[in-house]
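Engineer: 3D, please:
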Amino acid sequence: MNSIVEDIKARIDIIDLIAEHVELKRAGQNYKGLCPFHSEKTPSFMVNPSKQIFHCFGCHKGGDIFAFVMNYENMTFHEALSYLSQKAGIKLENKSRNLEVKSGFKENLFAIQKEALIFFQNNLKISKQAISYLNERGLNSETIEKFSIGYTKNAKYDGNDALFNHLRVKGFATEHIKASGLVNFGEHGTYDFFRDRLMFPIFDLQGRAIAFGGRILSSSKNAPKYINSPDSIIFKKGESSYGLNIAKNSITQKGYSIIVEGYLDVISCHQYGFTNAVAPLGTALTPGQLKRLKRFSSKVLLVFDGDSAGISATKRSIELCYAEGMIVKILLLPKGEDPDTFLRKHGEENFRKYMGRAISPVEFLLKVSGRSKLDAVRYMLQIIATCPDSLQRDETIRELSDRSKINELTLREELNAIKKNQGSRAKIQERGRNQKSDILNPCIYREEQMLLTIALSFPDRAAPIANKIDPMIIEDPVIRGIFEKIKKGLSMEKLLSVCDEEEQRLITMLSINTEIDEEYVEANVEEITEGCLKAIALRKLERQIKSAGEAGDVKLLNSLLFEKKSLSQKSKLLLKGGNLAKN
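Structural biologist: Predicted coordinates:
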């Protein structure tokens with residue numbers, strides 16, 4: 001197992017892997033970017049190419065390529081192993097394949113979704129009503145196959161639990177079926193979640209079915225027109241976009257994504273050649289969905305309905321796009337039209353012409369504001385203030401001044417006031433988050449921290465330092481655990497793979513600590529190491545002295561005081577704080 005992990009790490013560069021998801025910029029010997037694990041405006045996410053590790057100084061997540069994939073893709077270690085082995089071009093041996101949790105909870109959920117997909121597709125083939133509806137909507141057989149559209153039967157004729165019975169016959173456990181969200185287990189028995197609906201499978205980026213959306217076919221007034229699978233451990237509605245698994249390559253090639261409102265809008269766009277179209281899942285666009293889209297392009301074209309609900313959705317989407325630093329344009333279709341109806345009525349060429357009329361957020365907000373121009377300007381300034389891209393902010397301010405006829409200097413003064421107010425709130429929130437997420441107290445464990453930093457920065461000194469330390473005198477339990485592993489002879493390359501999450505965080509934080517003057521430490525490493533060891537020993541003596549005093553053991557107390565005096569005279573106490581930090 002360890003050799004496979006090391007082979008994978010040797011073939012995949014952490015910079016290349018993380019750059020697929022995060023925009024990284026060189027910062028000295030490290031690379032810096034906005035953390036993908038928490039919301040921030042100032043980059044605190046660091047990647048070190050020489051040590052092949054990452055660490056966020058905001059949320060304190062850190063580790064190697066395995067830790068990144070596990071956190072980013074919400075995978076177990078064995079799922080990350082399988083994913084990264086394919087990426088590295090390494091074929092897992094049979095003994096390793098047995099570790100791939102084929103019988104595990106998560107893999108069973110994927111298998112259930114896949115089986116349900118086949119079940120729904122087979123139902124569609126024998127449903128004249130469902131096929132007739134799709135034909136009326138202008139969808140050809142190739143498109144139906146491409147999007148794996150299916151159908152779930154009417155409970156009136158086939159019972160409430162046709163899918164449940166099918167899955168049980170296939171051997172799936174009730175526990176897994178319940179967790180899939182495809183079957184409801186209530187007081188009145190078991191019944192399928194989707195009944196008499198066209199089924200639109202939702203896929204992850206690896207092309208695995210993870211959930212479904214369903215459109216009612218009957219004329220029932222009580223049932224909602226569209227419903228989606230509930231969230232599960234493999235599906236988060238706020239992070240998934242319909243059609244992205246098919247559209248991702250096209251988005252990269254064309255340089256932008258088209259965001260529409262519904263399933264059929266996406267499907268029609270693709271059938272008419274606009275293969276970079278995606279949609280949120282029945283709800284407003286979310287930051288999680290935009291973060292995933294941004295992996296493929298930072299430019300989006302919003303095409304929502306022209307009614308009041310569509311305008312509100314467009315406004316909210318503009319806010320989110322700017323907060324993610326994404327460039328956005330808006331396409332306003334004629335009233336009463338959506339991409340699906342427009343394409344079927346007017347065709348590809350007319351839709352393409354309308355795309356050429358796409359407008360900027362500034363133009364859109366001023367257009368829909370009517371006479372409330374000042375309100376639109378203030379709203380746009382609030383949006384600009386959240387944008388992390390200074391060039392984008394500058395360009396938008398210039399356009400806002402030009403279109404609103406308000407002096408640019410006045411707008412910039414107002415923007416600075418807004419940003420100052422937002423900054424004060426953000427600092428308070430950040431301070432609170434950091435107080436909650438501190439992983440060690442540097443005032444108490446400074447020497448222990450410095451010793452570990454030296455061991456990590458100078459691997460040839462790790463074993464000698466560990467051998468000089470009795471781990472039991474290390475007060476910080478995380479640092480103690482790491483030194484115990486080093487003491488067992490583990491190399492720095494293998495250390496991360498055997499550490500728990502908290503130990504990994506500390507290792508990556510100290511390894512990418514930009515506050516330490518490495519040149520000074522390297523030049524004085526022997527003195528600093530001895531100073532740390534003596535300071536730790538003195539602290540141990542102080543604890544023993546306190547215990548002896550409380551016990552009234554005068555003989556032991558005198559002996560310990562003499563030992564402390566002797567050690568204090570020999571100590572060079574170099575660790576006063578400032579001389580290790582960069583000037």
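
Engineer: Looks to me like Gln253 is in a strand.
Structural biologist: No: read with DSSP: H, G, I helix; E, B strand; the rest coil, Gln253 is helix and lies in no strand.

Engineer: That one: neighbouring residues, count only.
Structural biologist: 11 (other Cβ atoms under 10 Å). All C-beta atoms are positioned from the backbone trio N, CA, C, and that covers glycine.

Engineer: And Tyr242, by the same measure?
Structural biologist: Neighbour count for Tyr242, taken as other Cβ under 10 Å: 28.

Engineer: I'd say it and Phe212 touch.
Structural biologist: No: assessed by Cβ atoms under 8 Å, Tyr242 is found out of contact with Phe212, at 10.6 Å.

Engineer: which residues are in contact with both of the two?
Structural biologist: Common contacts of Tyr242 and Phe212 (Cβ atoms under 8 Å, 6 or more residues apart in numbering): Phe200, Ile202.

Engineer: Look at the residue lying closest to Lys315 once chain neighbours are set aside and report its pLDDT.
Structural biologist: The shortest distance from Lys315 to any non-neighbouring residue, by Cβ to Cβ, 6 or more residues apart in numbering, is to Leu365 (7.3 Å). Looking at Leu365, its pLDDT is 94.

Engineer: so who does Leu365 touch?
Structural biologist: For Leu365, the contacting residues are Lys315, Ile318, Ala376, Tyr379, Met380, by Cβ under 8 Å, 6+ apart.

Engineer: likewise Gly325?
Structural biologist: With contact taken as Cβ under 8 Å, 6+ apart, Gly325 is in contact with Ser298, Cys387, Pro388, Asp389, Gln392.

Engineer: Now restrict the residues you listed to buried residues only.
Structural biologist: In terms of neighbour count (16 or more other Cβ atoms under 10 Å), the buried residues within those are Ser298, Cys387, Asp389, Gln392.

Engineer: tell me which of those is nearest to Thr252?
Structural biologist: Of all the buried ones among the contacts of Gly325, Ser298 has the smallest distance to Thr252: 11.3 Å, by Cβ to Cβ.

Engineer: Torsion angles phi and psi at the closest one?
Structural biologist: Per-residue torsions, Ser298: phi -100, psi 10 (degrees, to the nearest 10).

Engineer: And for the closest residue to it other than its chain neighbours, the neighbour number?
Structural biologist: For Ser298, ignoring the flanking residues on the chain, the nearest one in space by Cβ to Cβ, 6+ apart is Met326 at 4.9 Å. By other Cβ under 10 Å, 23 other residues sit near Met326.

Engineer: separation between Met326 and Ile202?
Structural biologist: Going from Met326 to Ile202 by Cβ to Cβ, to the nearest Å gives 22 Å.

Engineer: Next: Gln113.
Structural biologist: For Gln113, the distance to Ile202 equals 9 Å [Cβ to Cβ].

Engineer: Okay, and the residue nearest to Lys315 sits in which element?
Structural biologist: Taking DSSP states H and E as the criterion, Leu365 maps to helix 361-368.

Engineer: Can you show me the CA trace of that helix as CSV?
Structural biologist: The C-alpha coordinates for helix 361-368 follow below in CSV (Å, rounded to 0.1, in the frame of the first residue of the first chain):
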residue,chain,number,x,y,z
PRO,A,361,-24.3,43.6,-15.2
VAL,A,362,-24.1,47.4,-15.1
GLU,A,363,-26.2,47.8,-18.2
PHE,A,364,-28.7,45.2,-16.9
LEU,A,365,-29.2,46.8,-13.5
LEU,A,366,-29.6,50.3,-14.9
LYS,A,367,-32.1,48.9,-17.5
VAL,A,368,-34.3,47.1,-15.0
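
Engineer: Can you name the next helix or strand after it?
Structural biologist: Downstream of helix 361-368, the first helix or strand assigned by DSSP H and E is helix 373-385.

Engineer: That next one to helix 361-368, inter-axis angle?
Structural biologist: If you take axes from the mean of the first three to the mean of the last three Cα atoms, to 10 degrees, helix 373-385 sits at 150 degrees to helix 361-368.

Engineer: same for helix 373-385, what does it pack against?
Structural biologist: helix 308-323, helix 361-368, helix 390-404, helix 408-437 (3 or more Cβ pairs under 8 Å, 6 or more residues apart in numbering; DSSP states H and E).

Engineer: Which other helices and strands does the first one contact?
Structural biologist: Think helix 308-323. Against helix 308-323 (3+ Cβ pairs under 8 Å, 6+ apart) you get helix 287-294, strand 299-302, strand 327-330, helix 361-368, helix 373-385.

Engineer: closest one to Gly273 among those?
Structural biologist: Of all those, strand 299-302 sits nearest to Gly273, with 14.7 Å by Cβ to Cβ.

Engineer: Go ahead and name everything in contact with the closest one.
Structural biologist: Strand 299-302 is contacted from outside by 255-259, 290, 293, 314, 317-318, 321, 326-331, 355, 358, using Cβ under 8 Å, 6+ apart.

Engineer: try 7 Å this time
Structural biologist: Residues outside strand 299-302 that contact it (Cβ atoms under 7 Å, 6 or more residues apart in numbering): 255-259, 293, 314, 317, 321, 326-331, 358.

Engineer: That strand: how far from the chain's middle?
Structural biologist: 21 Å (Cα atoms, centre = their mean, to the nearest Å).

Engineer: so what strands line up beside that strand?
Structural biologist: Here strand 299-302 has these sheet partners by DSSP bridges: strand 257-259 (parallel), strand 327-330 (parallel).
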